[in-house]
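Novice: Need a 3D model of the sequence below.
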Amino acid sequence: MTNRSTLIFLVLFSLFLVQCGSDSDPGLFTAVNHVAVDATNDRFFLTEPEQKLFVFTASTQENLASQQPLVDEDTNEDIAALLPRQVSQLAVYAEGTTSRLFILGGVTSPEGTELNEIRVLDFDGDDFTETDFSPITLSDGDADTDDSDNAFADLLVDGDNGVVYVTDATAGLLYVLSAVDGTTVSGPYAIAGIPQGLALDNARLYVCNSSVVDAEQVVTVFNTADYTTTAIDLDIPCHQLAVQSNEVGTVMLVRQYDDEVVLIHSVDTTTYALSTPLVAETDDYVDGFLTNGHGISSSINGLVLVRDGSDQLHAYLSELDGNVQHVTVSDDLTAYEAETLSTSAANLTDSAALSSGDGEDSLAFIVSESGALLVVDVETSDIEVMD
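Specialist: Numbering: from 1, shown residues only. All right, here's what the predicted structure looks like:
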């Protein structure tokens, strides 16, 4: 073989190796943006842009489908066509052995109008079907305005009562819908300001408010039995929150709307109108909150609060840079410790928890728009990265 022939052969062989490498499996995920857990049926669901939907066994993270994603434009075109191109909120309700997904996001009507709708899909363990009351299109009740541009801030399922809560940041409303048939159960209820994130704990619904008006910078607390309200005055605009109780009391984490600050407070459950900052027991941290340089290293995108088998409360804050801030609350709920858990992921966004009634085997799921799922063992804070 001449030198020229040898050179051509080597170049072609190198190109062959590169091509083979480019065909290697890039990983299961590309840009996970939302996660929801059905603890009753031991399932969790993930969404990605471009109308993709994944489903796994929650306790083991095993595939529940022979091909993932179970829904996309190739594997299930009909169901994929029902999904918004970009999901803004995802929640799940256990209807017996069926997982009922409530999926909120912007879609375009056949007439070309942009709408915010809630698609409702049932998963029976094998297949997805759309419920007969899907989609749910919410109205603010004002005939003089177009509801299509209303900004729905959060969506949350109350599995015990079969209710779905939705906040409308544009109209300043809280909707209360039936998870069984999509009808209005009560309300809607007006909330002064700009209602945002939701959290549910011990028959109380907590609603954040991102208003710039001082008097409206509160967490509104609804009693879910009769929808009477109290307010916890925080003096900050808030965007997102997490609330969890144990045998001692209730802890609330609140993310500030316009700054990287997360409050860590206990809730006065005799009035639901007061909260108390927890004392920082970690050096260089601040009493009552985490902030830049003191427990926060980049933008916070997700909050989850869960208790372990010893009834201790743990919070996990997912950050844009891939770090997870782990907060451990003291036994008497008066203090906290914090640590940074580094991961190989980035662009961490949504989070959810799997927890039994006694807190045993609790897991936190955190998703990454860089294409990963983080599974946190709450007992040990060990993190497994699935990509």
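Novice: Gly322 and Ser370, how far apart?
Specialist: As judged by Cβ to Cβ, to the nearest Å, Gly322 and Ser370 stand 8 Å apart. Every C-beta, even on glycine, is put in place using the N, C-alpha and C of the backbone.
Novice: Now the common contact residues for those two.
Specialist: Common neighbours of Gly322 and Ser370 are listed as 345-347 (criterion: Cβ atoms under 8 Å, 6 or more residues apart in numbering).
Novice: which of these lies closest to Ser275?
Specialist: Nearest to Ser275 among these, counting by Cβ to Cβ, is Asn347 at 30.9 Å.
Novice: contacting residues for the closest one?
Specialist: Contacts of Asn347 (Cβ under 8 Å, 6+ apart): 320, 322, 368-370.
Novice: mind running it again at 10 Å?
Specialist: Shown in contact with Asn347 (Cβ atoms under 10 Å, 6 or more residues apart in numbering): 31-33, 298-299, 301, 318-322, 367-372.
Novice: Please report how far it lies from Leu83.
Specialist: From Asn347 to Leu83 the distance is 21 Å (Cβ to Cβ).
Novice: Mark which of the contacts of Asn347 are part of strands, please.
Specialist: Counting by DSSP state E, the contacts of Asn347 place 301, 318-319, 367-368, 372 in strands.
Novice: CSV for these, including neighbour count?
Specialist: Putting these into CSV (neighbours: other Cβ atoms under 10 Å) gives the following:
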residue, neighbour count
Asn301, 21
Ser318, 27
Glu319, 23
Val367, 29
Ser368, 27
Ala372, 24
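Novice: out of those residues, which one sits closest to Val248?
Specialist: Ser318 (26.0 Å).
Novice: Residues in a beta bridge with that closest one, which ones?
Specialist: Gly302, Val324 (DSSP bridges).
Novice: what do you get for Val87?
Specialist: In beta-bridge terms (that is, DSSP bridges), Val87 pairs with Gly105.
Novice: Make residue 1 into 103 and carry on from there
Specialist: Got it, the first residue is 103 from now on, which makes the last one we talked about Val189.
Novice: coming back round to it: can you flag which of the shared contacts of Gly424 and Ser472 belong to strands?
Specialist: Those of those lying in strands (DSSP E): none at all.
Novice: Reformat these as a markdown table; add pLDDT and distance to Val173.
Specialist: As requested, the shared contacts of Gly424 and Ser472 are exported to a markdown table (pLDDT from 0 to 100; distance: Cβ to Cβ, whole Å):
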| residue | pLDDT | distance to Val173 |
| --- | --- | --- |
| Ala447 | 85 | 23 |
| Ala448 | 84 | 25 |
| Asn449 | 88 | 23 |
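Novice: With respect to Ile485, which of those residues is nearest?
Specialist: Distances from Ile485 to the shared contacts of Gly424 and Ser472, taken by Cβ to Cβ, are shortest for Ala447, at 9.2 Å.
Novice: neighbouring strands for the helix or strand hosting Ala466, and are they parallel or not?
Specialist: Remark: Ala466 resides in strand 465-470, with elements defined by DSSP states H and E. Strand pairing for strand 465-470, using DSSP bridges, gives strand 450-456 (antiparallel), strand 474-479 (antiparallel).
Novice: Nearest to Val314 among the ones you listed would be which one?
Specialist: strand 450-456 (25.4 Å).
Novice: Extract the C-alpha trace of the closest one and format it as PDB.
Specialist: Taking C-alpha atoms only, strand 450-456 is exported to PDB below (Å, rounded to 0.1, in the frame of the first residue of the first chain):
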ATOM      1  CA  LEU A 450     -32.100  22.000  38.300                       C
ATOM      2  CA  THR A 451     -35.700  22.900  38.200                       C
ATOM      3  CA  ASP A 452     -38.800  21.200  39.600                       C
ATOM      4  CA  SER A 453     -38.900  18.800  42.500                       C
ATOM      5  CA  ALA A 454     -41.300  16.500  44.300                       C
ATOM      6  CA  ALA A 455     -41.300  14.000  47.100                       C
ATOM      7  CA  LEU A 456     -42.300  10.300  47.700                       C
END
